[in-house]
Structure formats: structure tokens, C-alpha cells
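Participant: What would the 3D arrangement of this be:
(one chain, ligands or ions: 1)
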Amino acid sequence: MYVNMKYILDNANRDGYAVMAVNSVNMEMARAVIEAAEEEHSPIILQFGVGQMSKLAHPTEMVPMIKAMAERANVPVCLNLDHGPSLEAEIDAIKMGFSNVMIDASSLPYEENVKRSRMIADLAHAKGISVEAELGHVGQAADGDGKTADMYTNVEQAVEFVKATGVDALAVAIGTAHGKYPEGYVPVLDFNRLAELKAALKMPLVLHGGSGSGEENIRKAVAGGINKINVCTDAFHAAEVAMKAKWEAEPNTDYLNIMMTAEKAIKEFVRNYIRLIGSNNRYTFEAADNGSKE
Ligand SMILES: [Zn+2]
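Facilitator: Alright, predicted model coming up:
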């Protein structure tokens, strides 16, 4: 069933687990991710951003395809616009049929972030689409971001921000960063800050830059109140490792076999991750409701 993200994350927030949001950039990935969720009886979020859309996840084809896959699935599936950078991108996504949009104005001044997030929340909510925003700033691992507390989400400001914008989920900065960390580096997460944020907000919180954080950090983040974990680099990596191994073992293998190898590896990776963050067996077909977006 195709649902908005609020539906998925309110349940996760109530019952204390997290749901994966996987950057799914082609048909094989989307299918692998949804099948993994079905086999684990888990809700799931698929997403991609405008950069990925311009390269390969062309939304004109991808959005209707993912919607069709979601409607056939016997678990709740959401499609999220990851890091919407502009009003135009948000409106396009709302028109195209995404069921959640993220507005990322986190690198702009606070007042501007409030203004833009509020505007998108009003537009999206009118169509039954939910909204994620970001406060504090989750930067890029390649730039060395995530290590300094001055980018972390401020608790009092977060309370004020959520009240002023009406967003459904909040991405918080507590020490992770996007992309690949330097070899051997494991991020240090500020779990005290997370505990304070959760106690003050009591709403679904999102961890960006989940890749490369290590199982221990992920487990503690979920226990501390994170309800959505964005996974991009690690999912691609699972496919890359399997494809390289396949090529080495069978140098004459063909394109179709390589694609199927990647799909299988992603599915296995997602199944394991779902169990790690506790969203498995949260949704059985018998317990399913009518999939209403509200
Ligand atoms: Zn992100």
C-alpha cells in the first residue's frame, strides 16, 4: 500500500523503532527494497534527490513505477523527495505523486528555514502529503562535517521550529555526515543531545548520514528515539561488493547476471538492516488497514 511518511513514522515513534529510507535510484533497487520489506513484514521508505533524478532516477518514469509497486505491496511504502532544495522542486514532487517531501533549508538562516518549511508544509498537507524538514545541519563526510557541535540541532530552537512550521518529521544533526567517512573513522554521536531532543519534541526524528556509522551507533540512535534512518552509500556499497565478487568469480558473466547479483545483494542488505533497526514484523497482512494516507 502506498502511504505518506507520517503514517509510517507516527507508528514507529509510538512503538519505538526506526524505518529505513533507502535511496532507490532504478527499478532493480526499488524492487529489491520493497521485496525485502515485504519479506520482513516491515514498512519502508524509498527516496531520491534531485541530483539522482537528473542522472538516472528520472521521476517521470520512476514515480509511477514505484507507486505501482507500492500499491501491490502488502506493507506500507512511502516515496520521499530527499533534500528538496527549492520551492520548484517541492511543487514538482507534490504534483508528480511523491507521498512525502523533505524540504532542506538547513544551510539557510533560521528564519528563512522556518518560512520555507512552513510554506511547503502548508502546500503538501493540503494534498495529504507529509513533510520532513531539517534543523541544525548534517553536512558532508568528505568535508569533515559532523564533528563539531556548532552544527548540531539546538533543542529550544527545535521546539519553536516544529511549532512554527507544522512539519511531520525532523532531521536532526547529532554527529553524522553524508557520504563516505575517511577510512577507519567512526562518527561520535551526541546521544545526550538526541535524548534531550526526543524528550522535548516527542515526534518522529530522522538520522541522515546513517551509512558508515556502525551497528552500535545505529542501535543506540534507534533506542534514543530516531525513527527514520537514511541509507544511501551503504546500500550502493552492498551492490558494488557483490558485483565485483561476481565478476572476479565469473569473468565472462553477462549484464543480466550482474544486474540480478546487485538486486539480490541489496535485498539481503536491506533485510538485515530492517532487523537491526527493529521494523521487522511490525506489519502483517492480517493487521493491515485500508492504507489510507491519513
Ligand atoms: Zn540527507
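Participant: just the helices in this protein please.
Facilitator: Counting by DSSP state H, the chain has helices at residues 5-15, 27-39, 50-55, 59-72, 87-96, 110-125, 155-165, 191-201, 215-223, 233-249, 255-277.
Participant: Put together CSV for the ones you listed, with distance to residue 142 and mean neighbour count on each row.
Facilitator: Every residue, glycine included, has its C-beta placed from N, CA and C. CSV is the format used below for these (distance: least, Cβ to Cβ, whole Å; neighbours: other Cβ atoms under 10 Å):
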stretch, distance to residue 142, mean neighbour count
helix 5-15, 28, 21
helix 27-39, 23, 21
helix 50-55, 14, 15
helix 59-72, 26, 16
helix 87-96, 23, 17
helix 110-125, 23, 18
helix 155-165, 26, 16
helix 191-201, 23, 17
helix 215-223, 19, 17
helix 233-249, 11, 16
helix 255-277, 22, 18
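Participant: With mean pLDDT and distance to residue 21 added, can I get those helices in CSV?
Facilitator: CSV is the format used below for those (pLDDT from 0 to 100; distance: least, Cβ to Cβ, whole Å):
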stretch, mean pLDDT, distance to residue 21
helix 5-15, 98, 8
helix 27-39, 98, 10
helix 50-55, 94, 13
helix 59-72, 97, 13
helix 87-96, 96, 15
helix 110-125, 97, 17
helix 155-165, 98, 19
helix 191-201, 98, 18
helix 215-223, 97, 13
helix 233-249, 97, 10
helix 255-277, 98, 11
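Participant: between these, which gets nearest to residue 140?
Facilitator: Residue 140 sits nearest to helix 233-249 of all those, at 11.3 Å, using Cβ to Cβ.
Participant: thinking again about what came up before, distance to residue 134 added to the helices of the chain, as TSV?
Facilitator: Shown next, in TSV, are the helices of the chain (distance: least, Cβ to Cβ, whole Å):
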stretch	distance to residue 134
helix 5-15	14
helix 27-39	23
helix 50-55	15
helix 59-72	21
helix 87-96	14
helix 110-125	8
helix 155-165	10
helix 191-201	13
helix 215-223	16
helix 233-249	18
helix 255-277	20
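Participant: Which one of those lies nearest to residue 284?
Facilitator: helix 27-39 (11.0 Å).
Participant: Look at residue 85 and say how many residues are nearby.
Facilitator: By other Cβ atoms under 10 Å, 16 other residues sit near residue 85.
Participant: from what I can see it touches residue 106, true?
Facilitator: No: counting by Cβ atoms under 8 Å, residue 85 does not reach residue 106; the two are 10.8 Å apart.
Participant: anything in contact with each of the two?
Facilitator: Among the neighbours of residue 85, none is also in contact with residue 106 (Cβ atoms under 8 Å, 6 or more residues apart in numbering).
Participant: and residue 279, what are its phi and psi?
Facilitator: In terms of degrees, to the nearest 10, the main-chain angles of residue 279 are phi -100, psi 0.
Participant: Distance check, it against residue 15.
Facilitator: As judged by Cβ to Cβ, to the nearest Å, residue 279 and residue 15 stand 9 Å apart.
Participant: Quick check on the residue lying farthest from the centre of the chain: phi, psi?
Facilitator: For the chain, the residue at maximal distance from the C-alpha centroid (Cα atoms, centre = their mean) is residue 252, at 36.2 Å. When read as degrees, to the nearest 10, the backbone of residue 252 gives phi -100, psi 10.
Participant: Please report how far it lies from residue 261.
Facilitator: In terms of Cβ to Cβ, residue 252 sits 14 Å off from residue 261.
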